[in-house]
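Asks: the following comprises the amino acid sequence and a computationally predicted model.
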Amino acid sequence: MKLAEVQSLFQRSVLAAEPDLRLLALLRPPVRATDIAETFAVYHDGYRLRMAEFLANDYPVLREALGEVAFGAMVESYSSAHPSLFRNARWFGAGLPQFLRATPPYSDDAFVCGLAALEAALAQSFDAGDSAPLPIEILGVAREEDWPRLCFGFDESVIVVETTAAALAAYEAFHADECISEAPDGAEIALVVWRRDLDVNYRALEPLERLALIEARAGATFGEICATLAFSYPERGADEMAPAAGGFLARWFADAMIVSAAPAPE
C-alpha cells in the first residue's frame, strides 16, 4: 500500500467511530502493549478532545449554559456529523448554529440555538477583514436625482443575527461574571453585530431597521429600500419611509458600517 493510501486510511480511521481493520493490520505491535486498537485510540480520542476544546473556546457561554455533560454530548454529535474540513481549526465550529437549528433535540430549544448564533456572529465579526469606513459627508456630493439609485457597501464585519432575549441576557451575564440561567423571556430579537477597530459591537434592531439593513446589505437601492418598507408596513404610511430610511442610513454611517456608496446603473 502506498504512503498516500496509508495516510488517507489513517485520517478516515481517526474521524470514524471505529478504526479501519485494514489500518490496524498495518500497524506494528507497540513495545509494551499488545492491543494495537487500544494504542490507536490515543489518536482517535485525542482528536475528539481537541475538537471539543476548540468548540469550548468558541462557545464559552453555551458551554456554561448547557453544563459539561450536555455540552460534551452536543460536541460529539456535531463532530460526528461535521468532521473538520479546514486546516485552521478556527473555522471548525462555524457551522454549529446551523447544525443545532436542524438537529433535534436542539432545534426545539430557541435559547440554545439563539445563544450559539450570537456567539458565532460575534466571532465571525471579529475575524472579518478590514475596510476603511466611508464618511457621511460623501452623501453631500450626491445629486438629488441619484438618491433613489444609491447602493451601499457594508464592512465585512456587519452581521444581522437572529437570537432571543434570554440568550442575550445569558451572554451579558456571563461576561459580567454573573451566574447565568435561561431567562424567562424567550422573545425572538434581531441584533446587528459589527467591528470597529478591534472592538466588536452589537445592538438590538427594531423590525423596521432590521428589514432596511437586510435589504441594503443585499444590494437594494435607497429607493427600493423605501418601497420595501412601505409595502411591508402599510400602516406606517409611505411618506414616512424615506425619512425613516434616511435615519437608519445616518446611523449606519455613524457606526462606521458603510464602506462604499454609489448610484446603481440606470
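Replies: Everything's here; your move. Numbers count the residues shown, from 1 in each chain.

Asks: need the longest strand for the protein.
Replies: Using DSSP state E to define each element, the chain has its longest strand at strand 188-196.

Asks: quick one: average pLDDT of that one?
Replies: For strand 188-196, mean pLDDT rounds to 97.

Asks: kindly report the same for stretch 151-166.
Replies: 97.

Asks: need the distance between the two termini of it.
Replies: Stretch 151-166 has an end-to-end distance of 35 Å (C-alpha to C-alpha, to the nearest Å).

Asks: one step back: now do the longest strand of the chain: which elements does it pack against?
Replies: helix 110-127, strand 159-164, helix 165-175, strand 199-205, helix 207-217 (3 or more C-beta pairs under 8 Å, 6 or more residues apart in numbering; DSSP states H and E). Glycine gets a C-beta too; all of them are placed from N, C-alpha and C.

Asks: tell me the buried residues in that strand?
Replies: Going by neighbour count (16 or more other C-beta atoms under 10 Å), the buried part of strand 188-196 is 189-195.

Asks: which residues sit against it?
Replies: 110, 114, 118, 121-122, 125-126, 128, 155, 157-165, 168, 200-205, 207, 210, 213, 255-257 (C-beta atoms under 8 Å, 6 or more residues apart in numbering).

Asks: re the thing from before, can you put the helices and strands packed on strand 188-196 in a markdown table and add mean neighbour count and distance to residue 102?
Replies: Compiled in a markdown table, the helices and strands packed on strand 188-196 are given as follows (neighbours: other C-beta atoms under 10 Å; distance: least, C-beta to C-beta, whole Å):
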| stretch | mean neighbour count | distance to residue 102 |
| --- | --- | --- |
| helix 110-127 | 22 | 10 |
| strand 159-164 | 21 | 15 |
| helix 165-175 | 19 | 18 |
| strand 199-205 | 15 | 24 |
| helix 207-217 | 19 | 22 |
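
Asks: make CSV from the ones you listed and add distance to residue 250 to it.
Replies: Compiled in CSV, the helices and strands packed on strand 188-196 are given as follows (distance: least, C-beta to C-beta, whole Å):
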stretch, distance to residue 250
helix 110-127, 22
strand 159-164, 18
helix 165-175, 25
strand 199-205, 15
helix 207-217, 12
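
Asks: so for residue 84, which of the ones you listed sits nearest?
Replies: Proximity to residue 84 (C-beta to C-beta) singles out helix 110-127 among the helices and strands packed on strand 188-196, at 15.8 Å.

Asks: which residues does the closest one contact?
Replies: 58-62, 65-66, 90, 93-94, 96-97, 100-101, 106-107, 157-159, 161-164, 166-168, 170-171, 182, 186, 188, 191, 193-195, 200, 202.

Asks: show the low-confidence segments of this protein, by residue range.
Replies: For the chain, the stretches with pLDDT under 70 are 13-18, 20, 24, 28-34, 36, 86, 181-185.

Asks: sorry, back to before: name every strand pairing with the longest strand of the chain and say which way it goes.
Replies: Strand 188-196 pairs in its sheet with strand 159-164 (antiparallel), strand 199-205 (antiparallel), by DSSP bridges.

Asks: of those strands, which approaches residue 76 most closely?
Replies: Across the strands paired with strand 188-196, residue 76 has its closest neighbour in strand 159-164 (24.6 Å, C-beta to C-beta).

Asks: and the direction of that closest one versus that of helix 110-127, what angle?
Replies: 160 degrees (axes from the mean of the first three to the mean of the last three C-alpha atoms, to 10 degrees).

Asks: quick one: contacts of strand 159-164?
Replies: 110-111, 114-115, 117-118, 121, 124-125, 185-194, 205, 210, 213-214, 217.

Asks: for residue 146, find the nearest of the helices and strands packed on strand 188-196.
Replies: With C-beta to C-beta as the measure, helix 207-217 is the member of the helices and strands packed on strand 188-196 nearest residue 146 (16.1 Å).

Asks: how far off centre is the closest one?
Replies: The chain centroid and the centroid of helix 207-217 are separated by 18 Å under C-alpha atoms, centre = their mean, to the nearest Å.
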